[in-house]
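Enquirer: fold the stuff below for me.
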Amino acid sequence: MLDQQLVIIDNYLDAIWMEKGLSQNTLSSYRRDLKQFAAFLHLKKQTLLAATAGEVFDYLGQNRGQGKSARSTARLLSCLRGFYQYQLREAHITVNPTLDIDSPKLGRSLPKTLTEADVESLLSEPDVDNPLELRDKAMLELLYASGLRVTELVSLTLGQVSVAQGVVRVMGKGSKERLVPTGEEALHWLKRYSQVARPELLGHKLSEVMFPSRRGDMMTRQTFWHRIKLYAQRAGIKRPLSPHTLRHAFATHLINHGADLRVVQLLLGHSDLSTTQIYTHVARARMKDLHAQHHPRG
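Expert: A predicted model of the protein is given here:
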């Protein structure tokens, strides 16, 4: 019976991949969540297409009881909602068991970011006389100048980077393409890296990867993230970092300097302006701190 449930899950994921162009990471996350729910139902001798609202509620409650956060539970419920909305649309069920289940109340967390001084310290850490660190310098400068996601950065190919025009052509989430300007400083380091370090790193190998690893392959997100943490440690940065830290800094610093929110939305590749609006809260919080610190009646 469980094998039949896995077929139902795979058919659903194939369908939404065709409809929405979701990334493999998102599809893998959905598959994991649905398989775990199917296993939960299997213990109750129940199936996905016959599940009741009570069983969905029990499963969500079990997850919270295991110490999962409200945000994690909300993501799980969103996954189940999408699954059952699709099954209802395709007439595989007559009642959506998630219809009357409310999402957990969430406070909106602000993304962790760096001050402009922190960013300057971080970007100055790589030893540009070392080919590997010159590569990292170019990557960090480009990341901060363009607000790319780390996945977008490490997967860049030569054909996506136009030094002459000063833009990067990025394939973002949902296979949406966008052109992002890079800025003079990032261009300078891209040119220097391309002329000096990249040929040395590749040796006699041929590769279309813009920022190859030591082996000439595409670098993993995890490897680059370890590189960022190395430079942060060397720079004495104590703030907690995440893989998106420089992307958040890019957006926050633009808005701090008066950039239009819709322009930042386009640069980040957000499909919904509300996703970008979180950075106005970050900027506002920073301005409040500055006011309290420097205003005579702060």
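
Enquirer: mean confidence score for the one helix or strand Arg227 maps to?
Expert: Secondary structure assignment for Arg227, by DSSP states H and E: helix 221-235. The average pLDDT within helix 221-235 is 90.

Enquirer: which helices and strands sit right next to it?
Expert: On a contact count with 3 or more CB pairs under 8 Å, 6 or more residues apart in numbering; DSSP states H and E, helix 221-235 meets helix 116-123, helix 131-146, helix 150-154. In short, each C-beta sits where N, CA and C put it, glycine included.

Enquirer: what angle sits between that helix and helix 116-123?
Expert: Using axes from the mean of the first three to the mean of the last three CA atoms, to 10 degrees, the inter-axis angle of helix 221-235 relative to helix 116-123 is 110 degrees.

Enquirer: start and end of stretch 43-59, how far apart?
Expert: 12 Å (CA to CA, to the nearest Å).

Enquirer: next one: phi and psi at Val168?
Expert: phi -120, psi 130 (degrees, to the nearest 10).

Enquirer: without its sequence neighbours, what residue ends up closest to it?
Expert: Leaving out its chain neighbours, the residue that sits closest to Val168 by CB to CB, 6 or more residues apart in numbering is Val180, at 5.0 Å.

Enquirer: tell me the contacts of the one you found?
Expert: Residues near Val180 by CB atoms under 8 Å, 6 or more residues apart in numbering: Ser146, Gly147, Leu148, Val167, Val168, Val170, Leu267.

Enquirer: same thing with Thr47?
Expert: Counting by CB under 8 Å, 6+ apart, Thr47 touches Met1, Gln4, Gln5, Ala38, Leu41.

Enquirer: from those, which land in helices?
Expert: Among the contacts of Thr47, the ones falling in helices (DSSP state H) are Gln4, Gln5, Ala38, Leu41.

Enquirer: and the helices in the chain, which stretches?
Expert: In the chain, the helices defined using DSSP H lie at 2-20, 24-43, 53-65, 70-89, 116-123, 131-146, 150-154, 184-192, 198-202, 221-235, 245-256, 261-268, 273-276, 278-294.

Enquirer: burial count for the closest residue to Leu99 other than its chain neighbours?
Expert: Nearest residue to Leu99, sequence neighbours excluded (CB to CB, 6+ apart): Ala53, at 7.5 Å. Number of residues near Ala53 (other CB atoms under 10 Å) recorded here: 14.

Enquirer: equivalent analysis for the one 3 residues further on, please.
Expert: The burial count assigned to Val56 is 24, neighbours taken as other CB under 10 Å.

Enquirer: ok, it to Arg169 distance?
Expert: 42 Å (CB to CB, to the nearest Å).
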